[in-house]
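# Have a look; sequence and predicted model below, questions after that.
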Amino acid sequence: MSMPRSAARAAGGALLGLALMALAAAAPAPPAITIDNFTFNPDPIVVRAGAQVTWTNGDDVPHALRATDGSFRSKALDTGDSYAFTFTKPGVYTYFCSIHPKMVGKVIVKAP
Ligand SMILES: [Cu+2]
């Protein structure tokens, strides 16, 4: 007794889908930080040198990013706006929101 051809095809499709999902899970996602409820998430974030980190503002108030050492600085980000910065040198980068200076975060950049 054998499976109808259409069922076999469907099973094959499901397997292919699972394989693609596994591939997607294995590929490193580009580092992303969301700002929600006046908090950077994740914090700290750990990346390799050369990585581009993207912040996206999920709050309904503007936020602006500024590195403590001045290495990067965004304009005010409205809801849904993003800012990206590429970290080329290993180190620990602290940053804060220039509108709400109590909001602080950290990017840890490791050697590539
Ligand atoms: Cu802010």
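Structure's in. What do you need?
# make it CA atoms for all contacts and neighbour counts henceforth
Noted.
# since we're on K102, how many residues are nearby?
11 (other CA atoms under 10 Å).
# In contact with it: list those residues for me.
Contacts for K102 (CA atoms under 8 Å, 6 or more residues apart in numbering) come out as F96.
# In the sheet, which residues pair with the residue in the chain that the ion sits nearest to? Tell me.
In the chain, the residue that lies nearest the ion is H63 (3.6 Å; CA to the ion). Per DSSP bridges, the residues bridged to H63 are L77.
# Leaving out chain neighbours, which residue sits closest to P31?
V53 (5.1 Å; CA to CA, 6 or more residues apart in numbering).
# Ramachandran angles for that neighbour?
The phi and psi values for V53, taken as degrees, to the nearest 10, are phi -100, psi 130.
# a strand runs through I99, doesn't it?
No: using DSSP: H, G, I helix; E, B strand; the rest coil, the secondary structure at I99 is coil, not a strand.
# Wait, it touches A64, no?
Yes: taking contacts as CA atoms under 8 Å, I99 lies within contact range of A64: 6.2 Å.
# ok, the two, which is more surrounded?
Ranked by neighbour count (other CA under 10 Å), I99 and A64 place A64 first, with 18 against 14.
# what sits against that one?
73-77, 97-99.
# Quick one: buried ones out of the residues you listed?
Among the contacts of A64, those classed as buried by 16 or more other CA atoms under 10 Å are 73-74, 76-77, 97-98.
# so which of those residues also contact the ion?
Counting by CA under 5 Å from the ion, C97 from the buried ones among the contacts of A64 sit close to the ion.
# okay, P28: pLDDT?
We have a pLDDT of 70 for P28.
# Surely T86 and V47 touch.
No: the criterion here is CA under 8 Å, and T86 misses it with V47 at 10.3 Å.
# higher neighbour count, the two?
The neighbour comparison of T86 against V47 (other CA under 10 Å) goes to V47, with 19 against 12.
# Which residues does the residue nearest the centre of the chain form beta bridges with?
The residue lying closest to the centre of the chain (CA atoms, centre = their mean) is A32, at 1.2 Å. With DSSP bridges applied, A32 shows beta-bridge pairing to T54.
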